[in-house]
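Asks: pasting the structure only:
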Ligand SMILES: Nc1ncnc2c1ncn2[C@@H]1O[C@H](COP(=O)(O)OP(=O)(O)OP(=O)(O)O)[C@@H](O)[C@H]1O
Ligand SMILES: [Mg+2]
């Protein structure tokens, strides 16, 4: 059952009566015959004279009108106009039946979980996707579920993880029972048993390599979903290269290494930071504040645009807000990335810029901000103006940008538009420096190479 449609309405077929005027008009008399079969059989089927077509134009055959296009079960399809925080409300969520939550998703395998959600990969409509499950007790304005469900769908940009569709269901006793029961039945029918291990060391040949699959029943059990809770399922683009956090710490992408020199590492940093800023510029131009920008919420997808082999995309809109200017909020992001005014409940585009400045510092240093401080000390120090030290060998323009992003006064911070431009200029500068060095050493073999060429080109 969907929101706004009572069981009585569904049983009486009132949904059909709500179809657009003209569709099957005059045939809604309780007859079960489809409108198309009510055509008079005497009418010539193949005749297409001018007169006949003229008559069709003048007197449309209502019985032939196509059936109304109804949303797919569980798909949240209507276009939203979210103009303020007040529009982030339950009435904008179209609830689906609990069994429709993942009915069309196959091969679910666990990726990881965060503070509010568990994320899986799976196959949806033939494509590899990421599926986020978010559980909450209500869909009030503070609900992460509500924000995850609604906000990602408003965004479409190459540097933002694409949300394909979302579903949300209110779980009740009966449906939880049905979901768990169906899984148990399927397991019994296939002769499968969670506990059966042959000891041969091969595993079950029906399970795919790389983690196997997990049933929706197991997911709901792991998330400890209870009757009366809401479960949202967000189906989104799968990021196959992990997070920016992993790129900084595990793969050390932005540091000099046997794989690439200091200059290439710096270009990788400028390019990645610029992609994040471009994604953020898109959010802000859509009047959305991210609210939790940090390396763990920037995902990487494979791409052959340059030698990094990935591009960066923003994810995670559970703490995002719709805002045209500064807003009062009681949601907190991740402490180490929060601007001083955010501690006292004000969020704005400038608080996202502050978080970006901290993220930039982390990319440059490969260290967690305020590593040895307690949470209380971080709040106190940041409020008093303390910021992490930039390393002495940092590109001076980058340090200048980073320091402005984390300025105490929010009005002194640049916009993402300015950040994008400055990062691009820095990369061009680095490229020209190399060109000048090569020219002075008589090494420039690239005929006609221009000092103002697009940084995407080389
Ligand atoms: N679209 C995606 N593609 C691939 N992996 C994803 C995707 N979305 C999330 N993940 C991964 O799933 C895991 C859980 O994500 P989630 O956003 O719930 O938590 P988190 O970012 O680790 O923590 P936090 O709650 O603080 O944001 C993370 O490892 C994240 O990188
Ligand atoms: Mg996250």
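Replies: Sure thing, it's come through. These numbers come from a predicted model, not from an experiment. Numbering: from 1, shown residues only. Ligands and ions are numbered 1, 2, ... in the order given.

Asks: show me what contacts residue 286?
Replies: 154, 155 (CB atoms under 8 Å, 6 or more residues apart in numbering). In this view, the C-beta of every residue, glycine as well, is placed from N, C-alpha and C.

Asks: give me every residue that touches the residue in the stretch 251-400 of the chain that ligand 2 sits nearest to.
Replies: Residue of the stretch 251-400 of the chain nearest ligand 2, by CB to the ion: residue 316 (3.8 Å). Contacts for residue 316 (CB under 8 Å, 6+ apart) come out as 114, 292, 297.

Asks: And for the first one, the neighbour number?
Replies: Spelled out, that is residue 114. By the measure other CB atoms under 10 Å, the count of residues near residue 114 is 14.

Asks: re the thing from before, name the helix or strand for the residue of the stretch 251-400 of the chain closest to ligand 2, please.
Replies: Under DSSP states H and E, no helix or strand contains residue 316.

Asks: Same question for residue 377.
Replies: Under the assignment given by DSSP H and E, the secondary-structure element containing residue 377 is helix 375-383.

Asks: cool, and residue 157?
Replies: Under the criterion of DSSP H and E, residue 157 resides outside all helices and strands.

Asks: what pLDDT does it get?
Replies: On the pLDDT scale, residue 157 is placed at 96.

Asks: Pretty sure it sits against residue 285.
Replies: No. Judged on CB atoms under 8 Å, residue 157 makes no contact with residue 285 at a distance of 9.4 Å.

Asks: Confirm residue 341 sits in a helix?
Replies: Yes. With DSSP: H, G, I helix; E, B strand; the rest coil as the criterion, residue 341 is located in a helix.

Asks: Show me the shaky parts of the stretch 1-150 of the chain.
Replies: In the predicted model, the stretch 1-150 of the chain carries pLDDT under 70 at residues 1-93, 141.

Asks: Residue numbers of it in contact with ligand 2?
Replies: Where the stretch 1-150 of the chain comes near ligand 2, counting by CB under 5 Å from the ion, the residues are residue 114.

Asks: Residue of the stretch 1-150 of the chain closest to ligand 1, please.
Replies: Relative to ligand 1, the nearest point of the stretch 1-150 of the chain is residue 114 (1.9 Å; CB to the nearest ligand atom).

Asks: Now do the contacts for that residue.
Replies: Contacts for residue 114 were tallied using CB under 8 Å, 6+ apart; they are 296, 316.

Asks: Spell out which residues of the stretch 151-300 of the chain are next to ligand 1.
Replies: On the criterion CB under 6 Å from any ligand atom, ligand 1 has as its neighbours in the stretch 151-300 of the chain the residues 161, 236, 237, 238, 239, 243, 296, 297, 299.

Asks: beta partners of the third one?
Replies: Beta bridges link residue 237 to residue 129 when assigned by DSSP bridges.

Asks: start at 665 instead
Replies: New numbering, starting at 665: the last item is residue 901.

Asks: Who are the contact partners of it?
Replies: If you count contacts by CB under 8 Å, 6+ apart, then residue 901 has 793, 794, 825, 826, 827, 828, 965, 977 around it.

Asks: The closest residue to residue 991 other than its chain neighbours and ligand 1: what is the separation?
Replies: By the measure of CB to CB, 6 or more residues apart in numbering, the closest residue to residue 991 outside its immediate chain neighbours is residue 1011, 5.5 Å from it. Residue 1011 sits 17 Å away from ligand 1, taking CB to the nearest ligand atom, to the nearest Å as the criterion.

Asks: where are the low-confidence patches of the stretch 965-1114 of the chain?
Replies: Along the stretch 965-1114 of the chain, the model assigns pLDDT under 70 to residues 1107-1114.

Asks: What residues does it have near ligand 1?
Replies: Residues of the stretch 965-1114 of the chain that fall close to ligand 1, judged by CB under 6 Å from any ligand atom: 979, 980.

Asks: Now tabulate the contacts of residue 901 in TSV and tack on secondary structure and neighbour count.
Replies: Below are these laid out as TSV (DSSP: H, G, I helix; E, B strand; the rest coil; neighbours: other CB atoms under 10 Å):
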residue	secondary structure	neighbour count
793	strand	20
794	strand	22
825	coil	23
826	coil	17
827	strand	24
828	strand	17
965	strand	17
977	strand	23
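
Asks: So residue 934 belongs to a helix, correct?
Replies: Yes. Using three-state DSSP, the secondary structure at residue 934 is a helix.

Asks: Please look at it and residue 1094 and confirm they touch.
Replies: Yes. Applying CB under 8 Å, one finds residue 934 in contact with residue 1094, separated by 7.2 Å.

Asks: Please say which of these two ends up with more neighbours.
Replies: Between residue 934 and residue 1094, counted using other CB under 10 Å, residue 934 has the larger neighbour count: 25 against 18.

Asks: Show me the domain layout of this structure.
Replies: With automatic domain parsing serving as the domain definition, the record reports that the chain contains domains spanning 734-902, 903-1105.

Asks: Could I get the phi/psi values of the closest residue to ligand 1 within the stretch 965-1114 of the chain?
Replies: The shortest separation between the stretch 965-1114 of the chain and ligand 1 is 4.6 Å, found at residue 980 (distances taken as CB to the nearest ligand atom). Backbone torsions for residue 980, taken as degrees, to the nearest 10, come to phi 70, psi 90.

Asks: same deal with residue 1012?
Replies: Residue 1012 adopts backbone torsions of phi -160, psi 180, taken as degrees, to the nearest 10.

Asks: And for it, the neighbour number?
Replies: In terms of burial, residue 1012 registers 22 neighbours under the definition other CB under 10 Å.

Asks: Right, I'll call it a day here.
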